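Task: produce atomic coordinates for the following.
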Amino acid sequence: MLFVVLFTDKPDHGHLRVAHLQAHLDWLERHSDVIPVGGSLRHEPSETPKGGLWIAQADSKQQLEALLQMDPFYLAGLRQSYEILHWSKANSERQALI
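Residues are numbered from 1 along each chain as shown. Here you go, the predicted model:
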């Protein structure tokens with residue numbers, strides 16, 4: 001199943017993002033089979049991220065939730081909240097590289 005995961009970071013916790021960024025990126029790379037697309041969200045390119053977004057493929061929400069709870073950002077206490085949504089591609093036949 002396809003999912004989108006939306007993360008909201010705790011306000012004024014950008015220092016945790018900086019401190020754990022490389023561990024987070026390494027972790028995402030190890031789990032690229034489940035999370036092929038991920039990135040930060042911000043109002044302007046120069047601002048500190050407010051959260052993040054993943055596009056993921058997993059067997060269930062529970063599997064994805066268990067995985068995200070092992071993410072270094074989550075373990076460090078950066079995340080204020082997250083939402084896991086089922087996602088339906090508009091054109092399921094089209095493949096896109098981002």
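
low-confidence ranges in this protein?
Applying pLDDT under 70 to the chain picks out residues 96-98.

all helices of it, in order?
Along the chain, counting by DSSP state H, helices occupy 14-30, 61-68, 72-75.

Go through the ones you listed and pick out the most buried.
Mean neighbours per residue, mean count of other Cβ atoms under 10 Å, is largest over these for helix 72-75, with a mean of 18. Every C-beta, even on glycine, is put in place using the N, C-alpha and C of the backbone.

Run the chain-centre distance for that helix.
11 Å (Cα atoms, centre = their mean, to the nearest Å).

C-alpha coordinates for that helix, CSV please?
Extracted C-alpha coordinates of helix 72-75, given in CSV (Å, rounded to 0.1, in the frame of the first residue of the first chain):
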residue,chain,number,x,y,z
PRO,A,72,16.8,9.2,14.7
PHE,A,73,14.7,12.4,14.4
TYR,A,74,11.8,10.7,16.2
LEU,A,75,14.1,9.1,18.9
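
Strands of the chain, start to end?
Assigned strands in the chain, in chain order: 2-9, 37-41, 51-57, 79-86 (criterion: DSSP state E).

before we move on, back to that, would you turn the helices of the chain into JSON lines with distance to P49?
Shown next, in JSON lines, are the helices of the chain (distance: least, Cβ to Cβ, whole Å):
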{"stretch": "helix 14-30", "distance to P49": "6"}
{"stretch": "helix 61-68", "distance to P49": "16"}
{"stretch": "helix 72-75", "distance to P49": "10"}
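
Which of these sits closest to T48?
In terms of Cβ to Cβ, the element of the helices of the chain nearest to T48 is helix 14-30, at 4.1 Å.

Quick one: distance of the closest one to the chain centre.
Relative to its chain's centre, helix 14-30 lies at 11 Å (Cα atoms, centre = their mean).

Likewise for stretch 84-98?
Relative to its chain's centre, stretch 84-98 lies at 16 Å (Cα atoms, centre = their mean).
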